[in-house]
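> predicted model, plus sequence, below.
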Amino acid sequence: MFLTLALLRKGIPGKQWIGKYRRPRPVTWQMKRNMIKHLEREEQNEYWLSRPYLTAQQELGSAAERRSENFLRIREAQYNNFPQHKTITDHLAHLKLSKTWAT
């Protein structure tokens, strides 16, 4: 059908690069090169991901110390941001600005 449309008409109907009856893009040597580079990179990633740096035994408790240090650091930061304790006299100090009536 595409061949008959191309032969009988003077071109691709509508936009030639999108749609159901679009013009096929020619595969260039740059496209082939880029695809080969992409596949080689993916193969190398799979190679390194298939060989873990730590064994399962070593990995079992490796992050526990780091997590506990992060938790202590976060808790310390929250304590430092907490306001200082105030007494009731500090809260009510604005009431004693002027003692005009007799005491």
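Everything's here; your move.
> okay, which residue is most central for the protein?
In the chain, the C-alpha closest to the average C-alpha coordinate belongs to N45, at a distance of 19.7 Å (C-alpha atoms, centre = their mean).
> for the longest helix along the chain, what does the pLDDT average out to?
In terms of residue count, the longest helix belonging to the chain (DSSP state H) is helix 29-49. In this model, helix 29-49 has a mean pLDDT of 97.
> again with stretch 63-81
Stretch 63-81 comes out with an average pLDDT of 91.
> how far does that stretch sit from the chain's center?
The gap between where stretch 63-81 is centred and where its chain is centred comes out at 23 Å by C-alpha atoms, centre = their mean, to the nearest Å.
> residue numbering should commence at 828 henceforth.
All set: I'll call the first residue 828, so the last point we hit is now stretch 890-908.
> flag every buried residue along that stretch.
Buried residues in stretch 890-908, counted by 16 or more other C-beta atoms under 10 Å: none are found. Where C-beta positions appear, they are placed from N, C-alpha and C, glycine not excepted.
> returning to that earlier point: what is the mean pLDDT for the helix or strand just after the longest helix of the chain?
Counting by DSSP states H and E, the element after helix 856-876 in chain order, helix or strand, is helix 883-886. Confidence over helix 883-886, taken as the mean pLDDT, stands at 84.
> quick one: contacts of helix 883-886?
Judged by C-beta atoms under 8 Å, 6 or more residues apart in numbering, the contacts made with helix 883-886 from elsewhere in the structure are P879.
> now it: how far from the chain's centre is it?
That offset, for helix 883-886, works out to 27 Å (C-alpha atoms, centre = their mean).
> and what of stretch 900-919?
The gap between where stretch 900-919 is centred and where its chain is centred comes out at 35 Å by C-alpha atoms, centre = their mean.
> hmm, back to that, convert the C-alpha atoms of the longest helix of the chain to CSV, please.
The C-alpha coordinates for helix 856-876 follow below in CSV (Å, rounded to 0.1, in the frame of the first residue of the first chain):
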residue,chain,number,x,y,z
TRP,A,856,26.7,5.1,9.5
GLN,A,857,26.5,7.5,12.4
MET,A,858,23.3,5.8,13.6
LYS,A,859,25.0,2.4,13.4
ARG,A,860,28.1,3.8,15.2
ASN,A,861,26.1,5.4,18.0
MET,A,862,24.0,2.2,18.5
ILE,A,863,27.2,0.1,18.7
LYS,A,864,28.7,2.5,21.3
HIS,A,865,25.5,2.4,23.3
LEU,A,866,25.4,-1.4,23.2
GLU,A,867,29.0,-1.7,24.2
ARG,A,868,28.5,0.7,27.1
GLU,A,869,25.4,-1.3,28.2
GLU,A,870,27.4,-4.5,28.0
GLN,A,871,30.2,-3.0,30.2
ASN,A,872,27.7,-1.9,32.8
GLU,A,873,26.2,-5.4,32.9
TYR,A,874,29.7,-6.8,33.3
TRP,A,875,30.5,-4.6,36.3
LEU,A,876,27.1,-5.0,37.9
